[in-house]
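**Student:** Mind folding the following:
(one chain, ligands or ions: 1)
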Amino acid sequence: MDKAQGKTVRDGTRDGARKGALRLLGAVDEGATLDEAAALTERLSPPDRARARRLALEVLRRADRADLLLAPLLARRPRPEIMRILRLATVEMLALGEAPHGAVNAAVALARASGPKGQAAAGMVNAVLRKIAGAAEAWARLSPQKMPPWLRAPIVAAWGEDIARAIEAAHEAGAALDLTPRDADCPGEALPTGSHRLPAAAQVSALPGYAEGNWWVQDAAAALAVRVLDPQPAEAIADLCAAPGGKTLQLAAAGAEVTALDISEPRLARVAENLARCRLSARLVAADALDWHPDQPLDAVLLDAPCSATGTIRRHPELPRIRDGAGLAELTGLQARLIDHALTLLKPGGRLVYATCSLLPAEGEDQLAAALARHPGLAVEPPRATGIEPGWITPGGGLRLRPDLWPERGGMDGFFIARLRKSAERT
Ligand SMILES: C[S@@+](CC[C@H](N)C(=O)[O-])C[C@H]1O[C@@H](n2cnc3c(N)ncnc32)[C@H](O)[C@@H]1O
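**Tutor:** Numbering: from 1, shown residues only. Reported below is the predicted structural model:
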């Protein structure tokens with residue numbers, strides 16, 4: 001292939017990825033998650049589909065910052081599809097190092113292709129983006145985009161303004177690719193807690209050991225819930241909210257007799273696939289955990305409860321844009337009922353690990369305090385596992401993990417984890 005042909009192919013592929021990213025961003029504007037919108041990029045080649053998703057992620061991490069620079073340059077707010085084109089080109093030029101002429105020309109072409117109104121806007125898109133191309137210093141002065149008030153206010157109340165800003169910086173930086181080793185063989189840099197870390201761009205299925213099931217993808221913070229539970233061989237353990245199964249795999253790899261339960265049958269099918277790839281086994285049950293009872297009382301229960309998922313914004317930057325905090329009371333009510341039910345499934349002296357991938361104390365610290373108040377005889381135990389730092393343990397005895405921890409290593413997801421021991425006395 002000669003040089004000119006190579007350039008055409010590269011530009012073509014970039015345009016495909018840009019169009020895909022704009023489709024994804026349009027779906028998010030309509031309230032969809034990126035996973036829900038994934039079908040919109042199905043017709044792209046796999047590499048272009050991955051590029052489209054990466055571009056959309058980068059834009060969503062900086063959309064408010066882009067809007068702050070764009071606003072003074074716009075006489076009136078353009079139609080949503082034109083606004084998305086402007087944001088995409090702004091982020092490409094100022095955050096991703098794309099050459100201005102390429103990004104501006106592509107944006108103008110995308111505006112023209114979007115229909116008669118887009119054709120009319122092409123001149124404005126060109127003029128505005130030429131100014132944006134020279135705004136690198138103004139861009140550098142802008143802070144990372146803020147979390148919405150329903151999420152920010154409780155975070156500031158719990159940990160202060162500086163930590164809220166550090167979390168916002170971590171949200172903008174995005175997340176690495178973390179792997180949990182089944183045994184020794186696992187690519188990536190070993191982290192103090194036992195997970196392995198690679199750059200986010202790594203193609204998962206191409207990594208050594210994927211087909212053999214030597215490891216699975218799991219954020220380093222998420223992997224700590226099972227490490228804190230400390231499963232032992234042959235223990236009877238239920239994973240009450242199991243799908244897609246990262247924690248089930250850890251429990252099974254430790255040699256426990258695992259029952260993996262999830263209310264969603266399609267999601268449970270993913271647990272089955274993951275177990276098969278990793279050559280591990282568990283009993284799978286599709287049921288509402290609140291209605292389920294084991295044949296025998298259990299040694300331990302892992303309750304990775306449904307939650308706001310606000311701890312995963314580094315990987316799902318669309319969440320603050322499509323959620324408004326409504327439904328939180330319903331979720332915290334369900335979490336409390338699940339804790340109460342989980343305790344009834346345990347042997348006397350059995351242990352429960354409660355976890356949520358949430359940054360909200362209402363789904364973590366407050367749930368722990370309320371459970372202890374509801375259940376006399378229930379005790380919280382220190383969360384112990386290799387690599388846990390004393391500063392991560394809360395005054396109430398839980399483990400609070402935040403995206404701004406380990407800044408030099410690239411952060412971790414937000415999680416709350418508590419290890420509880422049921423009274424050894426029979427009631
Ligand atoms: C946070 S995710 C679990 C992640 C999983 N533990 C892992 O590590 O891969 C929560 C799961 O709870 C399930 N779920 C929600 N309500 C449930 C209920 N009442 N009973 C059982 N599962 C439930 C959801 O389908 C979802 O798969």
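**Student:** just the strands in the stretch 101-250 of the chain please.
**Tutor:** Secondary structure of the stretch 101-250 of the chain by DSSP state E, counting those that start in this stretch: the strands cover 177-181, 189-190, 196-198, 215-217, 236-239.
**Student:** Mind putting the ones you listed into CSV with mean pLDDT, distance to residue 350 and mean neighbour count?
**Tutor:** The way it works is simple: take the backbone N, C-alpha and C, and place the C-beta from them, glycine included. Conversion of the strands of the stretch 101-250 of the chain to CSV gives the following (pLDDT from 0 to 100; distance: least, C-beta to C-beta, whole Å; neighbours: other C-beta atoms under 10 Å):
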stretch, mean pLDDT, distance to residue 350, mean neighbour count
strand 177-181, 97, 24, 23
strand 189-190, 96, 32, 12
strand 196-198, 96, 31, 19
strand 215-217, 96, 27, 22
strand 236-239, 98, 9, 27
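**Student:** Now render those as a markdown table, adding distance to residue 313.
**Tutor:** Putting these into a markdown table (distance: least, C-beta to C-beta, whole Å) gives the following:
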| stretch | distance to residue 313 |
| --- | --- |
| strand 177-181 | 16 |
| strand 189-190 | 23 |
| strand 196-198 | 19 |
| strand 215-217 | 18 |
| strand 236-239 | 24 |
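**Student:** With respect to residue 224, which of these lies nearest?
**Tutor:** Smallest distance to residue 224 across the strands of the stretch 101-250 of the chain (C-beta to C-beta): 10.4 Å, for strand 177-181.
**Student:** what residues does that closest one touch?
**Tutor:** Here strand 177-181 makes contact (C-beta atoms under 8 Å, 6 or more residues apart in numbering) with 186-188, 191, 194-200, 202, 204, 207, 214-220, 223, 246, 249-250.
**Student:** just the strands in the stretch 301-427 of the chain please.
**Tutor:** Per DSSP E, counting those that start in this stretch, the stretch 301-427 of the chain carries strands over the ranges 346-356, 379-381, 399-401, 415-421.
**Student:** got the residues of this protein near the ligand?
**Tutor:** The chain has residues 222, 240-247, 261-264, 267, 288-290, 304, 306, 357 near the ligand, with proximity defined as C-beta under 6 Å from any ligand atom.
**Student:** Can you give me the distance of the most centrally placed residue in the chain to residue 102?
**Tutor:** The centre of the chain sits closest to residue 312, judged by C-alpha atoms, centre = their mean, with a distance of 2.9 Å. Distance, residue 312 to residue 102, by C-beta to C-beta, to the nearest Å: 32 Å.
**Student:** Same check on residue 379?
**Tutor:** Look at residue 379 and residue 102: by C-beta to C-beta, they are 61 Å apart.
**Student:** Over to residue 259?
**Tutor:** Counting by C-beta to C-beta, the gap from residue 259 to residue 102 is 54 Å.
**Student:** Kindly confirm my reading that residue 260 is in a strand.
**Tutor:** Yes: per DSSP: H, G, I helix; E, B strand; the rest coil, residue 260 lies within a strand segment.
**Student:** Neighbours of the residue nearest to it when sequence neighbours are not counted, how many?
**Tutor:** Nearest non-adjacent residue to residue 260, counting by C-beta to C-beta, 6 or more residues apart in numbering: residue 242, 3.8 Å away. By other C-beta atoms under 10 Å, 29 other residues sit near residue 242.
**Student:** Could I get the contacting residues of residue 242?
**Tutor:** 248, 260-262, 268, 271, 282, 284, 304.
**Student:** what does residue 287 give?
**Tutor:** Going by C-beta under 8 Å, 6+ apart, the list of residues near residue 287 reads 261, 263.
**Student:** do the same with the one 5 residues further on
**Tutor:** Residue 292 sits next to 238, 240, 261, 285, 345 when contact means C-beta under 8 Å, 6+ apart.
**Student:** so how far is residue 110 from residue 131?
**Tutor:** Distance, residue 131 to residue 110, by C-beta to C-beta: 18 Å.
**Student:** more crowded one of the two?
**Tutor:** Taking neighbours as other C-beta under 10 Å, residue 131 and residue 110 compare with residue 110 leading, 22 against 12.
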